[in-house]
Each structure stands twice: as structure tokens, then as C-alpha cells.
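[1] 3D model of this:
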Amino acid sequence: MSRRLELVIAACLYYSGIVRLARWWTQRRGQRLVVLCYHRAEGGYLRQHLFYLRRHYRILHLEAALEALYQPQKGMFQERNQRTLLALTFDDGYHDNYTEGFALASELQIPLTIFLVPGYIDSGSRFWWQEPKYLLCHARASEATIEGRTYHLKNADERSALEQAIETRLRNASSIDEREAFLVAVRKALLVPLPARCEEKAALPLTWTEVREMGESGWVSFDAHAMHHPTLACLTDPAELQYEVSECRTVLERQLGHPVRAFAYPIGKGEHIGENGLAAVRAAKYNWALTVIPGINTPQTDPHLLHRFVVDVDQHWLMIAAKSSGAWNFFLHLCRMPGTVVRNIFRSNPRWFGRAFHFFAKHDDRKGHHYYTTASQADASVYSSDDPCGHHGAGCAKERRRK
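    You can find the predicted model right below:
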């Protein structure tokens with residue numbers, strides 16, 4: 001699905017009132033926790049995301065939010081207007097989490113949690129998933145034979161196929177040593193000069209100095225994301241699997257000086273975790289572990305298979321509103337149901353989205369909201385930093401009157 005189509009759908013969900021209804025329904029159902037999963041913090045609309053989320057959710061550090069979900073204080077959720085709990089998480093620990101994410105968290109006083117990969121902090125190297133693109137950009141060879149197949153690098157399709165092959169091989173490596181040995185072989189085959197350093201500092205891992213500075217501020221907390229970010233389900237040696245999960249916690253507790261109780265599975269979907277990965281996390285005695293399986297968490301959610309919604313700073317705040325409310329996930333489920341009215345409408349009338357978009361835009365203009373008539377206008381929007389509700393322009397007037 002294209003980014004523009006996603007935005008149009010999110011606008012329909014938001015301005016039709018479905019997002020608001022979903023938030024209300026979540027609040028009415030008792031203890032609930034929404035966890036968002038970011039990676040990078042640089043660029044995009046992160047500030048606008050935080051304005052919106054701060055208005056509509058009760059944002060806590062991840063571990064505090066999980067304690068509130070599973071061990072709520074007496075009376076905490078008795079009020080029906082109690083805002084739903086939300087935790088902001090950033091996976092991997094990129095340098096821009098410090099330069100951008102930490103700066104915003106401190107300015108707006110919004111807590112966030114970063115899942116760290118200590119092996120990369122120690123080495124300062126690029127993360128393995130950055131290597132395919134980097135290697136091809138710096139390759140001096142015109143052709144290369146890798147694992148029995150010859151690729152002609154002047155052909156765009158073959159370059160793309162090689163990049164995908166490298167990424168798949170790294171992702172599915174059965175050990176860290178195998179992954180690193182494969183990278184060495186590819187560098188040699190592509191004639192990539194050494195040292196091959198990353199030019200974009202924002203994409204490099206954090207340093208321990210930066211980690212400690214953020215931790216001391218009180219606005220950023222840290223949890224574990226494995227020692228070297230392998231795909232846990234692919235590791236064949238049980239001892240290495242347990243090391244990746246347990247040693248990460250040991251190193252972080254030594255560096256941070258306090259217990260680390262939560263773990264985020266690398267990549268994080270069910271097929272990347274596997275039964276052995278789940279067992280290793282439980283054996284390491286983590287209190288909680290998080291996936292990227294979408295959903296809203298309840299007190300009945302398995303504490304070692306917690307849900308998160310994957311989002312990105314490049315997404316419009318309307319997408320964040322739709323995803324965090326659960327409305328987006330519900331919409332996707334409807335679309336996947338064969339024979340439903342929704343799918344029949346989509347198939348019989350491909351212009352349905354456009355008409356719905358303009359209907360809701362016109363409808364909300366009558367209520368005092370301002371909205372854009374094209375997706376490109378919405379993409380280009382920038383909201384004022386003094387707007388506490390995360391809406392734009394005249395849309396905030398209604399919120400100010402409400403106060």
C-alpha cells in the first residue's frame with residue numbers, strides 16, 4: 001500500500017470519528033496499554049506525533065506502564081475518563097535517538113524507552129541490516145560471484161537482487177560468527193575498500209556516554225535488545241541463543257547501574273522469535289518481552305509476547321492516531337476478510353476512498369476543522385510547537401474553546 005493511500009485512509013478513519021470511537025472504547029474496557037515501536041528519530045513528524053499522543057494518552061516509561069498494566073494501584077482505572085496508558089519505544093539505539101529523540105523528550109517532558117544492542121555500542125560499527133546497501137554503494141567490482149551466483153553490478157535488477165540476497169543471508173544467519181564471516185567474504189568479492197566506515201553518524205549506534213547522559217535525565221530509560229541483534233529463531237546453538245539474551249542484560253545492568261527487566265525481540269515477528277527464542281527469554285528471567293505483533297495489551301496478554309504497533313517518524317500524525325487507537329489494525333483485518341461488505345465496496349468502486357475523503361473533509365470544515373484536500377498538502381503540513389493538541393490550524397480552535 002502506498003504512503004499516500006495510507007494517509008487518505010487514516011484521514012477517513014480520523015475525521016469520520018472512528019479513531020475517537022476506538023479510543024473511547026479502549027478506555028471503557030479497563031486496563032489497556034498501547035506500545036509504539038519507532039527506530040529512527042531524525043526528520044519527519046516526531047514532534048507532531050508527541051503533541052497528539054500527549055493529549056490523548058497517559059505516557060509512561062515502558063517498565064512503569066507495564067507495572068501499571070499488570071499490577072494496577074487500587075482505584076487507578078476506576079474513572080471512566082482515565083486516559084489509556086501508552087509507552088514510546090525506540091529499537092536498536094541509533095545516534096539520532098540522542099540528538100533528536102532525547103532533545104524532544106527533554107523539551108516536551110515526555111518519557112521514552114530505548115532498546116539497546118550492547119555489542120554494537122562497544123564496536124561502534126554499522127548495524128548488519130545497513131551493510132547490504134553500503135556494500136553495493138562502495139563496491140568497486142563490476143561483477144561478483146557470491147554463494148555460487150554471479151551478479152553483474154552494472155545491471156540495476158541484478159544489483160537489487162544481490163542487495164536482497166545479502167540482506168536475507170544476514171537475517172537468517174545461524175550464528176553471529178557465520179554472519180560476520182559472510183560479510184567479510186562479500187566485502188572481498190565486491191572489492192569494498194577498508195576501513196569501511198559509515199559516513200552518516202545519525203545511523204551509527206549510541207555511545208555509552210550518551211546512554212548514561214540520557215539515563216541521568218530521567219526522561220529516557222533503557223532495556224535489552226540482544227547482544228548482537230541476531231534473528232533468535234535462526235540460531236542453532238542453544239548456548240549462543242541464551243548468551244545473546246542473558247549477556248545483553250548483564251552488560252546493560254553493569255553500565256546503567258540498575259536492573260533491566262524488559263526485552264525486545266530482534267525483528268520481533270513470530271517467525272523471528274521461535275519457540276526457542278521465547279524459552280530463552282523466559283529462562284533469562286525477564287519480567288516482560290515485546291514483539292512487533294500489532295495489538296493493544298491487556299492484563300491477560302502474555303507478558304513475554306507483548307504487542308507493539310510499528311510506526312515511523314516519516315508517517316503523518318493521522319497515521320499515528322489511527323494506529324495507536326487500534327482503528328488501523330481493525331481496518332486491515334476487515335480488508336483481509338473475504339466476502340465482507342468492505343472488500344466488495346473496494347472491488348466494485350475503486351473511487352470510494354476519494355469520495356469518502358472529500359466528504360469527511362467537507363463535513364469537518366462545517367464543524368470548524370481545517371483539513372487538506374490533497375494528500376500532498378497533508379504531507380507537507382508542519383504544526384506549530386505551541387499547539388498542545390497536535391491538530392493543525394483552525395482545527396485547534398475547537399480544542400481551545402473546549403478548555
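[2] just the helices in the stretch 1-150 of the chain please.
    3-15, 18-28, 46-56, 62-70, 96, 103-108, 118-123, 131-137 (DSSP state H, counting those that start in this stretch).
[3] Minimum distance to Cys37: which of those helices has it?
    Among the helices of the stretch 1-150 of the chain, the nearest to Cys37 by C-beta to C-beta is helix 62-70 (10.8 Å). In short, each C-beta sits where N, CA and C put it, glycine included.
[4] shaky segments in the chain?
    Low-confidence segments of the chain (pLDDT under 70): 73-81, 195-199, 338-403.
[5] What are the buried residues along the helix or strand containing Glu163?
    Per DSSP states H and E: Glu163 is located in helix 156-171. Neighbour counts over helix 156-171 (16 or more other C-beta atoms under 10 Å) mark Glu158, Arg159, Leu162, Glu163, Ala165, Ile166, Glu167, Arg169, Leu170, Arg171 as buried.
[6] can you pull the contacts of the third one?
    For Leu162, the set of contacting residues under the criterion of C-beta atoms under 8 Å, 6 or more residues apart in numbering consists of Leu136, Ala144, Ile146, Tyr151, Leu153.
[7] Check the last one too.
    When the contact criterion is C-beta under 8 Å, 6+ apart, the partners of Arg171 are Trp129, Thr231, Cys234, Ile267.
[8] circling back to that earlier point, what angle do whichever helix or strand comes after the helix holding Glu163 and helix 156-171 make?
    Using DSSP H and E, the helix or strand that follows helix 156-171 in sequence is helix 176-190. Helix 176-190 runs at 160 degrees relative to helix 156-171, counting by axes from the mean of the first three to the mean of the last three C-alpha atoms, to 10 degrees.
[9] Could you break this protein into its assigned domains?
    Using automatic domain parsing, the domain ranges for the chain come out as 3-122+208-325, 127-190.
[10] Just the terminal-to-terminal distance for the first one.
    End-to-end distance for domain 3-122+208-325, by C-alpha to C-alpha, to the nearest Å: 19 Å.
[11] who wins for neighbours among the contacts of Arg171?
    Counting neighbours by other C-beta atoms under 10 Å, Thr231 comes out on top of these with 23 neighbours.
[12] Tell me which residues touch it, please.
    Applying C-beta under 8 Å, 6+ apart, we find Thr231 in contact with Arg171, Asn172, Ala173, Pro266, Ile267, His272.
[13] thinking again about what came up before, Leu332 is nearest to which of the domains of the chain?
    Closest to Leu332 of the domains of the chain, according to C-beta to C-beta: domain 3-122+208-325, at 8.4 Å.
[14] Tell me who's in contact with Ala202.
    Residues in contact with Ala202 (C-beta under 8 Å, 6+ apart) are Arg40, Glu42, Tyr94, His95, Asp96, Thr99.
[15] now the nearest residue to it once chain neighbours are set aside: how far from Phe182?
    Excluding the flanking residues, the one nearest Ala202 by C-beta to C-beta, 6 or more residues apart in numbering is Asp96, at 4.0 Å. From Asp96 over to Phe182 the distance is 28 Å, taken as C-beta to C-beta, to the nearest Å.
[16] Mark which of the contacts of Ala202 are buried, thanks.
    The neighbour-count criterion (16+ other C-beta under 10 Å) marks Arg40, Glu42, Tyr94, His95, Asp96 among the contacts of Ala202 as buried.
[17] CSV please, covering these and showing distance to Leu334.
    Shown next, in CSV, are the buried ones among the contacts of Ala202 (distance: C-beta to C-beta, whole Å):
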residue, distance to Leu334
Arg40, 30
Glu42, 34
Tyr94, 35
His95, 40
Asp96, 36
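[18] Now, these that are in strands?
    Assignment to strands by DSSP state E places none of the buried ones among the contacts of Ala202 there.
[19] which two in the residues you listed are spaced the farthest apart?
    Arg40 and His95 (9.8 Å).
[20] any shared contact partners between these two?
    Ala202, Ala203.
[21] Make a markdown table out of the domains of the chain and add distance to Phe331.
    Below are these laid out as a markdown table (distance: least, C-beta to C-beta, whole Å):
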| stretch | distance to Phe331 |
| --- | --- |
| domain 3-122+208-325 | 6 |
| domain 127-190 | 29 |
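[22] Single out the most deeply packed of the ones you listed.
    Ranked by mean neighbour count under mean count of other C-beta atoms under 10 Å, the domains of the chain are led by domain 3-122+208-325, which reaches a mean of 19.
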